[in-house]
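Peer 1: Quick one, structure for this:
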Amino acid sequence: MFTRSELEIKTTAELRDLCRRYGLKPTGNGGYKTSWIVTLMAFPQIAIAQLRQGRGLKSPGFSVTQFLEGVVDEMNSPTDEQAALIKLTCE
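Peer 2: Alright, predicted model coming up:
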């Protein structure tokens, strides 16, 4: 997600803010840039490993997937204006 060089040019405060944005805690002492950099570089791999271990989120079963496909088909596609409203709401 982030390269080490992208993160190393940021200040400790910028790294801390990035972690706060994603709800992450530093690895070790939060006073050191390295603690924030390690967290930001490692969290994608940790999250995927947790999925594989069955911790936290789990993949839905086939019947649930079929049900959701039916719901999406029933809802249809948004108009340009509806899509814009959804984007604005998410921001």
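Peer 1: from here on, contacts and neighbour counts on C-alpha atoms
Peer 2: Fine.
Peer 1: Which residue of this structure lies farthest from its centroid?
Peer 2: Distance from the C-alpha centroid of the chain, by C-alpha atoms, centre = their mean, peaks at E74 (28.0 Å).
Peer 1: Can you list the buried residues in the top helix by length along the chain?
Peer 2: The residue-count maximum for a helix in the chain (DSSP state H) belongs to helix 33-52. Neighbour counts over helix 33-52 (16 or more other C-alpha atoms under 10 Å) mark K33, T34, S35, W36, I37, T39, L40 as buried.
Peer 1: ditto for stretch 6-21
Peer 2: L7, T12, L15, R16, C19.
Peer 1: Sticking with the third one, tell me its helix or strand.
Peer 2: Assessed by DSSP states H and E, L15 sits inside helix 12-22.
Peer 1: next one: the first one
Peer 2: L7 is part of helix 4-8, with elements assigned from DSSP H and E.
Peer 1: That helix - contacts with which helices or strands?
Peer 2: With contacts taken as 3 or more C-alpha pairs under 8 Å, 6 or more residues apart in numbering; DSSP states H and E, helix 4-8 sits against helix 33-52.
Peer 1: What's the separation between the closest residue to L15 other than its chain neighbours and E69?
Peer 2: Excluding its sequence neighbours, the residue lying closest to L15 (C-alpha to C-alpha, 6 or more residues apart in numbering) is W36, at 6.0 Å. From W36 over to E69 the distance is 39 Å, taken as C-alpha to C-alpha, to the nearest Å.
Peer 1: same thing with K58?
Peer 2: Distance, K58 to E69, by C-alpha to C-alpha: 18 Å.
Peer 1: In contact with G31: list those residues for me.
Peer 2: Contact analysis of G31 by C-alpha atoms under 8 Å, 6 or more residues apart in numbering lists T12.
Peer 1: again, only using 10 Å
Peer 2: Each residue near G31 by C-alpha atoms under 10 Å, 6 or more residues apart in numbering is listed here: T12, A13, R16.
Peer 1: before we move on, what about A47?
Peer 2: Q53, R55, G56, L57.
Peer 1: ok, so of those residues, who is nearest T65?
Peer 2: L57 (14.8 Å; C-alpha to C-alpha).
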